[in-house]
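# after the sequence you'll find the predicted model.
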Amino acid sequence: MGLFPSANDFKAGKGVEKDAPRNTGVRRFFELVGRDMNSMFLANLLTCLGFVPVISLVYIGFLMNNLPVMLISAAVGGILAGPVLAGMYDTVLRALRDEAGYWWVTYRKAFKRNFKASILPGVLYCVVVTLQIFLVYFCFNMLYHGTNVGVPLWVATVLNLLVFQMLFAYMWPQIALLDQPLSLTLKNSINCMIAFLPHALAASIVQILFWGVVILCMPLGLLLMLVFGFWFVTEVSCQIVYGDLDRVFHIEESIRKLKDAELEAALREDYAAAEDDTEE
């Protein structure tokens, strides 16, 4: 598609299976849950642990009723939240492309590889989400006290939620998959939002509804985060947008070529070593 710049530097993976017909929709969801639930659940636990600092710090700012403190806390906590969220997305994306491998080995490599690149996106994500939560709380709190904040503020709040969650739905998979500057990732995400608007809206609504339920159910929401938390909403969101990303960036084709090149290089090394042994 002309909207998108080429991206050739895909991060190395373990390789993918040969092309085969895949289930779609609900069948695909349950297929992945049945096959990869263990890896997704473990990645979810690590993600929850990584979000403990940002949640705790932002909650302190909330108790102080101080938005600047909340935003600064979100920025600080995002330094760790970004890498663990990228690890969660990497785990789900590997499942979506039916990639074999031991979870901890691949997760650890992906976490180290993505660590620096995911810090700034993590800060951006945590600051934006904190501001969104504050805006929603402010609107409902004013309504609870009988004060009408006006239609424009409600519209702005809803649009803020939808647009940024659409952006993040395409941003995080690119963080996990591609070696590129954040500016290019954001540009690609905006282009994807425009090109695949129905999918972007669907992924955004899933995120908003799920996290809205978690927040409304607090403190029970903490249990929901541990059991379902990030893996569920990440899997559903990625399942919605993965076809778009693969169509634009040729993810599986690029990774397959990368693995074929690595295999060919390994065979050449083995052949060269065998020749040296023969000469000796």
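Yep, it's here.
# okay, now the unreliable bits of the protein?
1-20, 259-280 (pLDDT under 70).
# isn't residue 51 right next to residue 83, touching?
No. Between residue 51 and residue 83 there is no contact under CB atoms under 8 Å: 11.2 Å. Quick note: C-beta positions are derived from backbone N, CA and C, even for glycine.
# neighbour count winner among the two?
Ranked by neighbour count (other CB atoms under 10 Å), residue 51 and residue 83 place residue 83 first, with 25 against 21.
# elements contacting the helix or strand hosting the more buried one?
Following DSSP states H and E, one finds residue 83 within helix 67-96. Under the contact criterion of 3 or more CB pairs under 8 Å, 6 or more residues apart in numbering; DSSP states H and E, helix 67-96 touches helix 25-63, helix 103-144, helix 151-177, helix 229-249.
# can I get the ones you listed in JSON lines with distance to residue 190?
Output for those, formatted as JSON lines (distance: least, CB to CB, whole Å):
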{"stretch": "helix 25-63", "distance to residue 190": "25"}
{"stretch": "helix 103-144", "distance to residue 190": "14"}
{"stretch": "helix 151-177", "distance to residue 190": "7"}
{"stretch": "helix 229-249", "distance to residue 190": "13"}
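# need the winner for burial among these.
Sort those by mean neighbour count, taking mean count of other CB atoms under 10 Å, and helix 229-249 sits at the top with a mean of 21.
# got the buried residues for the helix or strand containing residue 222?
For residue 222, the host element (DSSP H and E) is helix 220-227. Neighbour counts over helix 220-227 (16 or more other CB atoms under 10 Å) mark 224, 225 as buried.
# how far does that helix sit from its chain's centre?
The chain centroid and the centroid of helix 220-227 are separated by 19 Å, computed with CA atoms, centre = their mean, to the nearest Å.
# can you give me the distance of the residue nearest to residue 134 when sequence neighbours are not counted to residue 137?
Nearest in space to residue 134, with sequence neighbours left out and distances taken as CB to CB, 6 or more residues apart in numbering, is residue 67 at 5.9 Å. From residue 67 over to residue 137 the distance is 10 Å, taken as CB to CB, to the nearest Å.
# among the helices and strands packed on helix 67-96, which is nearest residue 96?
Taking CB to CB, helix 229-249 is the member of the helices and strands packed on helix 67-96 nearest to residue 96, at 5.1 Å.
# packing partners for that closest one?
Helix 229-249 sits against helix 25-63, helix 67-96, helix 151-177, helix 182-195, helix 197-216, with contacts defined as 3+ CB pairs under 8 Å, 6+ apart.
# so that helix versus helix 67-96, what angle?
If you take axes from the mean of the first three to the mean of the last three CA atoms, to 10 degrees, helix 229-249 sits at 70 degrees to helix 67-96.
# got the domain boundaries for this protein?
25-241, 250-280 (automatic domain parsing).
# residue 22 in helix, strand or coil?
Three-state assignment for residue 22 (DSSP: H, G, I helix; E, B strand; the rest coil): coil.
# that one: how many residues sit nearby?
Using other CB under 10 Å, the number of residues around residue 22 comes to 11.
# measure it to residue 95 for me?
According to CB to CB, residue 22 and residue 95 sit 12 Å apart.
# name the nearest residue to residue 130, sequence neighbours excluded.
Nearest non-adjacent residue to residue 130 (CB to CB, 6+ apart): residue 74, at 4.0 Å.
# list the contacts of that neighbour.
Residues near residue 74 by CB atoms under 8 Å, 6 or more residues apart in numbering: 54, 57, 58, 123, 126, 127, 129, 130.
# how near is it to residue 134?
Counting by CB to CB, the gap from residue 74 to residue 134 is 10 Å.
# no further questions, thank you.
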